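Engineer: here are the coordinates; sequence isn't available:
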């Protein structure tokens, strides 16, 4: 598995040569690529081997040298139960979903109930746009077989690996819970007005202002030992909006404060080496980490890839680096 930041002409040459790959780039750049064995998602933000960069003209390509076969499906919002169909016996699924779409909202709420969701690695990311174009452009996913772009559907590629490789998904999360306050919500959703804090019903927006919460830090909750983030999009007068849904009845905490976000993030990445240097690592990172850790021009070691508007590791995540490692070894 090779991660390459390329010009569109270089990417087109790989596609024409039959390479199977994932592509990230601006919607305009993706539209120039030839048809082939690829799916793509829109973003102009990347972490490359030379550092983070905003670049609307380049494309980030992950070439799947170890893959033996693939299936591409375009899945609309109303058919998400088909997202996990068509997988291979040994492989993984890579899914792209546009930000701000009905498909994303429904995936965020329904993912845990999809058929056999945890039977095999399902990873991916939420496509985006230049932040300067918010309200003026829409994120897309692209089916490389015909070049068609979709603003409201999931693009998934099911990948079959050869017998000498296996896939393992993991997350790299900077945040830990500040356990001074236990927070729960009465309903599941992307916003909340009321909540229960330490057993007392409160106005959530008012409470955040009262305690001087740093809204650059997410809410965190533990899922089977893994810390999962829900990032705060905006604190309004009477409600709080989130980038991922809070789940009714689940216990959340504010994240612990991070004294030096950029330094702490660099140390964390350095402490998470690839499981197999030769087999390769695929990763993607949140736009909020990119901004708050000042990743433009900074390197994050072996963790290179697109910068995203949300991450997917079986479910929708925020402010999280998602990684997929290919490991050597005969799996049969």
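Structural biologist: That came through fine. Just so it is clear, the model here is predicted, and its values are computed rather than measured.

Engineer: buried stuff in stretch 184-201?
Structural biologist: Neighbour-count burial for stretch 184-201 flags 184, 185, 189, 190, 191, 192, 195, 196, 197 (criterion: 16 or more other C-beta atoms under 10 Å). (Each C-beta comes from the backbone N, C-alpha and C, glycine too.)

Engineer: residues in contact with the spatially closest residue to the first one that is not a sequence neighbour?
Structural biologist: Think residue 184. Counting by C-beta to C-beta, 6 or more residues apart in numbering, residue 184 lies nearest to residue 196, which is 5.0 Å off, once chain neighbours are set aside. Residues near residue 196 by C-beta atoms under 8 Å, 6 or more residues apart in numbering: 183, 184, 185, 186, 202.

Engineer: equivalent analysis for residue 108, please.
Structural biologist: Contacts of residue 108 by C-beta under 8 Å, 6+ apart are 190, 244, 245, 315, 316.

Engineer: got those residues as JSON lines, with secondary structure and pLDDT columns?
Structural biologist: Output for the contacts of residue 108, formatted as JSON lines (DSSP: H, G, I helix; E, B strand; the rest coil; pLDDT from 0 to 100):
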{"residue": "190", "secondary structure": "strand", "pLDDT": "96"}
{"residue": "244", "secondary structure": "strand", "pLDDT": "95"}
{"residue": "245", "secondary structure": "strand", "pLDDT": "95"}
{"residue": "315", "secondary structure": "strand", "pLDDT": "94"}
{"residue": "316", "secondary structure": "strand", "pLDDT": "96"}
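
Engineer: the residues you listed: which two are farthest apart?
Structural biologist: 190 and 315 (14.1 Å; C-beta to C-beta).

Engineer: mind putting the contacts of residue 196 into TSV with secondary structure?
Structural biologist: Formatted as TSV, the contacts of residue 196 follow (DSSP: H, G, I helix; E, B strand; the rest coil):
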residue	secondary structure
183	strand
184	strand
185	coil
186	coil
202	strand
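
Engineer: residue boundaries of the helices in the stretch 101-250 of the chain?
Structural biologist: 102-110, 204-211 (DSSP state H, counting those that start in this stretch).

Engineer: what bridges to the residue of the chain most remote from its centre?
Structural biologist: The C-alpha centroid of the chain is most remote from residue 200, which lies 34.0 Å away (C-alpha atoms, centre = their mean). Assessed by DSSP bridges, residue 200 has beta-bridge partners residue 197.

Engineer: try residue 324
Structural biologist: Beta-bridge partners for residue 324, by DSSP bridges, are residue 169, residue 282.

Engineer: now do the buried residues in the lowest-mean-pLDDT helix or strand in the chain.
Structural biologist: The weakest-scoring helix or strand in the chain, judged by mean pLDDT, DSSP states H and E, is helix 261-270 (a mean of 77). By 16+ other C-beta under 10 Å, the buried positions in helix 261-270 come out as 261, 265, 266, 268, 269.
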